[in-house]
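Peer 1: Got a predicted structure here, sequence first:
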Amino acid sequence: MRQPESDGKHGFVFHDACWRLLLKAGEPLGIPILRLVLICESLPFPVGFDGVYWGHSYGELLELDDDRAYPWQEQCVRRQGLSKYNTDADDNPLVIQELQAVLDHPTKPPAGEALATRSDDIFSRLPWELREMIAVFLPTRDALILRLASRSFLALYWSAVFWASRFASNGERAFVFEARDKRDPAELLSLYRATRPSLAPGLRNRQRIWDFAGLLIEIARQQYACDDLSVEGRPSDSENWIRIAGNEKPSDANDQWSPLDGGCRSISSVILDVPEDLGGLGITTASLGPLDYVTGIRLIAKDGKDKFAGYTSSSREAIFALEALHGFVTAMGPGGLRALQIVGQGGQSTEWIGRSEGVPKSERLVSCTCVKSLEITVDGYKVTGLAICPDRRSRMQNSKTIARSIRRAALWFPDVPPQTFHLNEESFRGQNPLADGYQPISWIHFGGSHGQSLMHIVGLSAQYSYRLLGLRIIFDDAQNHKEYLKLGRCSTRDLPENLVFKINGKSGEQIDSVTVGMRRYRYQSQDGAKILEFRHLRSIKMTTNHGKVMEIGEAGICTDTMRLQVAEGTTITGFYATHDPPYGLINLGVISEFL
């Protein structure tokens, strides 16, 4: 699949069994093939993978490599421990001999119970067809308990309607499609009993694939708001727009498909003017296993007229009443917008729409006054970028606030730092969050509430191998939360145990100064038109109020060295940094507080 296009054509390979199950799961409506191709073109094709990465673990066959990467970086490795599918993934999911044996010798329903049993309970007043429909909407366990509680439902065992509903497209055993054309209650009951949690290996493998197929079909059937995916809207005065986006990768110069090793590749942008009589917003989401993505945004006027950009599905759209839009709090992954909160008048915000756990978050798109326009950027199935254009009266105020506030402008993990934290950004030598693409900043807070955790610190360790991989703050056994806090990724697989810089927190010892050494690098842009420059962290020097000194890295190769200043009267209680998988921690900032 990594081969370039031939005669303008390129395709994606599916296992034959997976493709057949996908077609089965899509019956009777079928699969929108062109939409499926667009989705595949928008998926990353990581180095070392044999195909595109769908965003799920293939039934726990893969797991996130939290040792070397942050959760949002979505670096996966083969699962070390056993999952319920590990031993079944190679079994044929199409030919299940155990099912054929059941069909050849079906088990009859229990004998000795009359089909029409007299009962005086309230359900007996309903026609049997209505009682059947009640049972159809219940999980099987609840329906059978109801059968024991009410004699009016005893005949469920002989109901072909009830048992057939277990195998319907939205039923709990939908993956047993052999039952779809069966009408004999004995056959249906036998198939249900034969497909309990202790399934045959091939059937467990089918269920694993079927679950993913259902997610893919749901996304493929979402409708795009515009028929022409190549049409792009452009802001008329782009300098007044505030944007946030995933890790956008450029398209091939010849407009040919090429593998996307990570991030996203957008295909369309649409500008929506916010109605003056705004009545609400609709947000559509989609799931790919553990990942949620926002796929579309709808603006709804009070008279019911609406404007939409992105991909929509009535079953996945959440509508929120709103009279004034002041922007969004966003959870942005490298592949696109994973979740958001709508911010209304007075700074009131909704709950998270989509799953925001493990994703960097930002308040960059929160405006002091009403938002006048939105720009929504999408790839083949999700929102990859979002921009707001604030009201003219607030544009200058917003621009100045964001330019000087890293707290507001940056993408933060795990959350945006509280206002009580001093970020001391004047001495932070990181990239400009508004100008340098997708650069999430991670932070740790080791001070605890009112500095109470400082006395439990016993040491600091660092892992350095040609670059600074990470820092750890180590606590004593008396500390109730984690044994240590980690900034960056300190891998335990490849490198020896870290050397520990001992800190006697019990006696009041604290880190009181941090000095960083940066090395400047220059390289030529891809078009050769200009020389680009960046700086990476190569050394750290820390001292404590007891006079101890810890030095990490290679100070001798640094071109710039500076002490990180902290607000007067504050105590260092945390660190923040940008982590780049190949280069480790590429900068460092300090968090301090008044204690």
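Peer 2: Nice, thanks for sending it over.
Peer 1: Nearest residue to the middle of the protein?
Peer 2: residue 291 (3.9 Å; Cα atoms, centre = their mean).
Peer 1: report the longest helix in the protein, please.
Peer 2: Counting residues, the longest helix found in the chain (DSSP state H) is helix 201-220.
Peer 1: which helices and strands does that helix pack with?
Peer 2: Identification of packing neighbours for helix 201-220 by 3 or more Cβ pairs under 8 Å, 6 or more residues apart in numbering; DSSP states H and E yields helix 16-25, helix 33-41, strand 278-288. (Glycine included, C-beta is placed from N, CA and C.)
Peer 1: I'd like to know which of these is closest to residue 62.
Peer 2: Smallest distance to residue 62 across the helices and strands packed on helix 201-220 (Cβ to Cβ): 13.2 Å, for strand 278-288.
Peer 1: Would you mind getting the angle between the next helix or strand after that closest one and helix 201-220?
Peer 2: Next helix or strand after strand 278-288 toward the C-terminus (DSSP states H and E): strand 291-301. Between the axes of strand 291-301 and helix 201-220, defined by axes from the mean of the first three to the mean of the last three Cα atoms, to 10 degrees, the angle is 30 degrees.
Peer 1: now strand 291-301: mean pLDDT?
Peer 2: For strand 291-301, mean pLDDT rounds to 95.
Peer 1: And it, what's buried?
Peer 2: Judged by neighbour count (16 or more other Cβ atoms under 10 Å), strand 291-301 contains these buried residues: 291-300.
Peer 1: helix/strand/coil for the closest residue in space to residue 447 that isn't next to it in sequence?
Peer 2: Leaving out its chain neighbours, the residue that sits closest to residue 447 by Cβ to Cβ, 6 or more residues apart in numbering is residue 573, at 2.7 Å. Three-state call for residue 573 (DSSP: H, G, I helix; E, B strand; the rest coil): strand.
Peer 1: so residue 573 makes contact with residue 445?
Peer 2: Yes - with contact defined as Cβ atoms under 8 Å, residue 573 reaches residue 445; the gap is 6.1 Å.
Peer 1: Which parts of the stretch 401-550 of the chain are strands?
Peer 2: For the stretch 401-550 of the chain, the strands defined by DSSP state E, counting those that start in this stretch occupy 412-413, 441-445, 457-464, 468-475, 484-488, 499-502, 511-524, 531-544, 549-553.
Peer 1: circling back to that earlier point, pick out whichever of the buried residues of strand 291-301 sits closest to residue 272.
Peer 2: Using Cβ to Cβ, residue 299 comes nearest to residue 272 of the buried residues of strand 291-301, at 5.6 Å.
Peer 1: picking up where we left off before, among the helices and strands packed on helix 201-220, pick out the one with the most neighbours on average.
Peer 2: strand 278-288 (a mean of 21; mean count of other Cβ atoms under 10 Å).
Peer 1: ok and it relative to helix 33-41, angle-wise?
Peer 2: Using the same axes, to 10 degrees: strand 278-288 against helix 33-41 is 80 degrees.
Peer 1: Alpha carbons of strand 278-288, as CSV, please.
Peer 2: What follows is strand 278-288 as a C-alpha-only set of coordinates in CSV (Å, rounded to 0.1, in the frame of the first residue of the first chain):
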residue,chain,number,x,y,z
LEU,A,278,-28.3,32.5,17.2
GLY,A,279,-30.4,29.9,18.9
GLY,A,280,-28.1,26.9,19.3
LEU,A,281,-25.2,24.8,18.2
GLY,A,282,-25.1,21.2,17.0
ILE,A,283,-21.9,19.1,17.4
THR,A,284,-21.5,15.8,15.7
THR,A,285,-18.9,13.3,16.9
ALA,A,286,-17.7,9.9,15.7
SER,A,287,-15.8,7.1,17.5
LEU,A,288,-13.0,4.9,16.4
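Peer 1: so what secondary structure elements neighbour it?
Peer 2: Strand 278-288 sits against helix 201-220, strand 291-301, strand 306-312, strand 317-321, strand 336-342, with contacts defined as 3+ Cβ pairs under 8 Å, 6+ apart.
Peer 1: try 6 Å
Peer 2: helix 201-220, strand 291-301, strand 317-321 (3 or more Cβ pairs under 6 Å, 6 or more residues apart in numbering; DSSP states H and E).
Peer 1: In a markdown table, list these along with distance to residue 365.
Peer 2: Formatted as a markdown table, these follow (distance: least, Cβ to Cβ, whole Å):
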| stretch | distance to residue 365 |
| --- | --- |
| helix 201-220 | 25 |
| strand 291-301 | 12 |
| strand 317-321 | 16 |
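Peer 1: Who's the closest spatial neighbour of residue 140, skipping the chain neighbours?
Peer 2: residue 166 (6.2 Å).
Peer 1: doesn't residue 175 make contact with that neighbour?
Peer 2: No - look at residue 166 against residue 175 with Cβ atoms under 6 Å: they stay out of range, at 11.2 Å.
Peer 1: need the contact list for the closest residue to residue 460 other than its chain neighbours.
Peer 2: For residue 460, ignoring the flanking residues on the chain, the nearest one in space by Cβ to Cβ, 6+ apart is residue 501 at 4.7 Å. Residues near residue 501 by Cβ atoms under 6 Å, 6 or more residues apart in numbering: 459-460, 550.
Peer 1: What average pLDDT does stretch 125-132 get?
Peer 2: 92.
Peer 1: How far off centre is it?
Peer 2: Centroid displacement of stretch 125-132 relative to its chain, using Cα atoms, centre = their mean, to the nearest Å, is 45 Å.
Peer 1: re earlier: generate TSV for the strands of the stretch 401-550 of the chain, with mean pLDDT as supplementary columns.
Peer 2: Formatted as TSV, these follow (pLDDT from 0 to 100):
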stretch	mean pLDDT
strand 412-413	96
strand 441-445	95
strand 457-464	89
strand 468-475	90
strand 484-488	86
strand 499-502	82
strand 511-524	84
strand 531-544	82
strand 549-553	90
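Peer 1: TSV for those strands, including distance to residue 202?
Peer 2: Converted to TSV, the strands of the stretch 401-550 of the chain look like this (distance: least, Cβ to Cβ, whole Å):
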stretch	distance to residue 202
strand 412-413	41
strand 441-445	43
strand 457-464	45
strand 468-475	43
strand 484-488	42
strand 499-502	51
strand 511-524	53
strand 531-544	51
strand 549-553	54
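Peer 1: Nearest to residue 160, out of those?
Peer 2: If you check each of the strands of the stretch 401-550 of the chain against residue 160 by Cβ to Cβ, strand 412-413 wins as the nearest, at 53.3 Å.
Peer 1: hmm, back to that, of residue 166 and residue 175, who's got more company?
Peer 2: More crowded of residue 166 and residue 175, by other Cβ atoms under 10 Å: residue 175, with 24 against 21.
Peer 1: what's the neighbour count on the residue lying closest to the more buried one once chain neighbours are set aside?
Peer 2: Spatial nearest neighbour of residue 175, excluding adjacent residues (Cβ to Cβ, 6+ apart): residue 210 at 3.8 Å. When neighbours are defined as other Cβ under 10 Å, residue 210 has 21 of them.
Peer 1: same deal with residue 68?
Peer 2: 17.
Peer 1: My read is that it contacts residue 489, right?
Peer 2: Yes - with contact defined as Cβ under 6 Å, residue 68 and residue 489 form a contacting pair (5.2 Å).
Peer 1: And residue 455, how far from residue 561?
Peer 2: To residue 561, residue 455 is 31 Å away according to Cβ to Cβ, to the nearest Å.
Peer 1: quick one, which of these two is more surrounded?
Peer 2: Neighbours were counted for residue 455 and for residue 561 using other Cβ under 10 Å; residue 455 has more, 18 against 13.
Peer 1: Surely the more buried one touches residue 507?
Peer 2: No - the criterion here is Cβ under 6 Å, and residue 455 misses it with residue 507 at 8.7 Å.
Peer 1: three-state assignment of residue 192?
Peer 2: Put simply, residue 192 is helix when judged by three-state DSSP.
Peer 1: typed the wrong thing, it's residue 174
Peer 2: Taking three-state DSSP, the label given to residue 174 is coil.
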